[in-house]
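Undergrad: here's a sequence, model it:
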Amino acid sequence: MKNITIAIFVALIYVPSADAAKCMLVMSYHKGYEWNDGVENGVRSVLKNKCDLQVFYMDTKRNKTAKHAKIMAVKAKSAIDEFRPDVLIAADDNASRYLVTKYYKDVDLPVVFCAVNWDVSKYGYPYKNVTGMVEVAPIQPLYEVSRNMLGEVHTVTYLGANTFSEKKNSRRVASVMKNLGVKHKILLAETFSEWKKMFSAGQSSDFIMLGSNAGISEWDSDKALEHVKIEAKKLIVTNHSWMAPFSMYAMTKVAEEQGQWAAEAALAIVRGLSPRKIPIRVNRKWQTYINTPLLRKIGMNMDRIKPQKFIEVNGRSKLD
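TA: Below is the predicted model:
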C-alpha cells in the first residue's frame, strides 16, 4: 500500500500537467442530499483547476425504482459519450449497479468508484479499468460504545429507510449483531409516519441504531426531533452525520474522504497510472458527535467515552 501511495504521489508531482483533462462525475443521488453533496465537494476540492469537471445526477434516492435508475443510467451514458471524459468517477452504489457494470466493464475508459457500501463483489470489481474506495460504517465500534455506556446489551433495533443502500447496511448490521450474540430487529420505513411508529416501537430494545432517513417520504426534521424528544427512552446511536441531531452518539463516515480519494486517483490515472496499479481500499476517517441534551433526557452521561475535545454545534457536541 505504501508503494502505491508513493506511486500516486509521484504521478501527481512529476508527470506533466493535466489541466486539459476532462473528468466526469456521476452521482447516484441528488444535489442537496447531504452525503451526496459531501462526496461532490470532496471531488471538487481536489480537481479544481486540474480537470474540466462535468457532473450528472441519477437522483435514485428520491426516485427508488429500478426503472428510473435504468433510464438515468442511459442518460448518464449519453452525457458521458458527448463529453468524452478521460476518466469517470462513479459515486455510490447505483452508479456502479446500473451504469458501470452494464456499460463500462473492461473498456478503455478508466473508472474510479467511491462510496459503494460494504462489498464490491456483487459488481464483479475489480475490472481491468476500474478501482475505487469502498464505504464501510463503524458498526462494531458503535456497539462497543453502546455496551460501555449501558453495561450490557442483549437487543438492538436498526431503523432506516426502505432503500437499496439501507437494505445493504441493515444486512451488515444483522451479520455483526449475530456474530456478537445480540438479538436484533431491522425496521425499514417508507414514510415519515412509519418511521415515527417504528422509532417508538424500537424503545423496547436496549439501544436503537439509526440508519439514513434519505428516501423516507414526507420526512420532516423538526417533527422528527420533537418525536425523538418525547419518545426516546433508550440510547440512540448512528453512523450518519445528518442523523446526529436525532441521536445521542454518532460515529460517522466522512463523505469528503470518498470524493477526495476518488479525485486523487482520477488525477493519477489521467497522468498515466493504470487503475490496476491502484488497489481498492476502504475509508479510514470517522467523526464523532455526542448529543448531550438527549443523553441527559434519559439520565445518561459520557464518562466512559472519555472525549478529548468538544465543539458545541447546534445543541450537539462534535468530538475532534
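
Undergrad: Val282 - how many residues pack around it?
TA: Look at Val282: counted by other Cβ atoms under 10 Å, it has 9 neighbours. (Glycine included, C-beta is placed from N, CA and C.)

Undergrad: apologies, that question was intended for Ile230.
TA: Using other Cβ under 10 Å, Ile230 is surrounded by 11 other residues.

Undergrad: now the one 10 residues further on
TA: Using other Cβ under 10 Å, His240 has 22 neighbouring residues.

Undergrad: repeat for the one 4 residues further on
TA: Neighbours of Ala244 under the rule other Cβ under 10 Å: 26.

Undergrad: over to Lys185?
TA: For Lys185, using other Cβ under 10 Å, the count is 17.

Undergrad: let me see the contact set for it.
TA: 155-158, 202, 205 (Cβ atoms under 8 Å, 6 or more residues apart in numbering).

Undergrad: break the chain down into its domains, please.
TA: 2-136+254-282, 139-253+286-319 (automatic domain parsing).

Undergrad: now mean pLDDT too, for those domains, in a markdown table please.
TA: Converted to a markdown table, these look like this (pLDDT from 0 to 100):
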| stretch | mean pLDDT |
| --- | --- |
| domain 2-136+254-282 | 89 |
| domain 139-253+286-319 | 86 |
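
Undergrad: so which of the contacts of Lys185 are in strands?
TA: 155-158 (DSSP state E).

Undergrad: any of the residues you listed buried? List them.
TA: Neighbour-count burial (16 or more other Cβ atoms under 10 Å) is assigned, among those, to 156-158.

Undergrad: run the chain-centre distance for stretch 69-87.
TA: For stretch 69-87, the separation from the chain centroid amounts to 23 Å (computed by Cα atoms, centre = their mean, to the nearest Å).

Undergrad: now do stretch 244-264
TA: Relative to where its chain is centred, stretch 244-264 has its mean C-alpha point 7 Å off (Cα atoms, centre = their mean).

Undergrad: cool, stretch 32-48 as well?
TA: Centre to centre, stretch against its chain (Cα atoms, centre = their mean), the figure for stretch 32-48 is 12 Å.

Undergrad: show me what that stretch is in contact with.
TA: Identification of contacts with stretch 32-48 by Cβ under 8 Å, 6+ apart yields 23, 25, 27-31, 53, 55, 57, 61, 89, 91-92, 114-115, 212, 214, 240-242, 254-264, 266-267.

Undergrad: that older thread, ok, the ones in strands among the contacts of Lys185 vs Thr65, which is closest?
TA: Using Cβ to Cβ, Tyr158 is the member of the ones in strands among the contacts of Lys185 that lies nearest Thr65, at 23.8 Å.

Undergrad: so what pairs up with the closest one in the strands?
TA: In this structure, Tyr158 bridges to Ile186, Met209 when assessed by DSSP bridges.

Undergrad: what about it, distance to Ile269?
TA: Tyr158 is 37 Å from Ile269, where distance means Cβ to Cβ, to the nearest Å.

Undergrad: hang on, the earlier thing: which of the contacts of stretch 32-48 count as buried?
TA: Here, 16+ other Cβ under 10 Å leaves 23, 25, 27-30, 53, 55, 57, 61, 89, 91-92, 114-115, 212, 214, 240-242, 254-264, 266-267 buried among the contacts of stretch 32-48.

Undergrad: just these: which are in strands?
TA: Counted as lying in strands by DSSP E, out of these, are 23, 25, 27, 53, 55, 57, 89, 91, 114-115.

Undergrad: ok, now which ones touch Tyr125?
TA: Tyr125 touches 96, 113, 116, 132, 280, counting by Cβ under 8 Å, 6+ apart.

Undergrad: one more time with 7 Å, if that's ok
TA: 132, 280 (Cβ atoms under 7 Å, 6 or more residues apart in numbering).

Undergrad: just the one 10 residues further on next, same as before
TA: Applying Cβ under 7 Å, 6+ apart, we find Glu135 in contact with 115-117, 253, 258, 283.

Undergrad: could you do Ala69 as well?
TA: For Ala69, the contacting residues are 58, 60, 94, 98, by Cβ under 7 Å, 6+ apart.

Undergrad: turn the ones in strands among the contacts of Lys185 into TSV, columns for distance to Lys105.
TA: TSV is the format used below for the ones in strands among the contacts of Lys185 (distance: Cβ to Cβ, whole Å):
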residue	distance to Lys105
Thr155	43
Val156	38
Thr157	39
Tyr158	33
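
Undergrad: quick one: the helices in the stretch 1-150 of the chain?
TA: Secondary structure of the stretch 1-150 of the chain by DSSP state H, counting those that start in this stretch: the helices cover 2-14, 34-47, 66-83, 93-94, 101-103, 139-150.

Undergrad: ok, the stretch 151-300 of the chain next?
TA: Counting by DSSP H, counting those that start in this stretch, the helices of the stretch 151-300 of the chain are 164-180, 192-201, 221-231, 255-270, 292-297.

Undergrad: point out the most buried one among the ones you listed.
TA: Here the criterion is mean neighbour count by mean count of other Cβ atoms under 10 Å, and of those the winner is helix 255-270, at a mean of 25.
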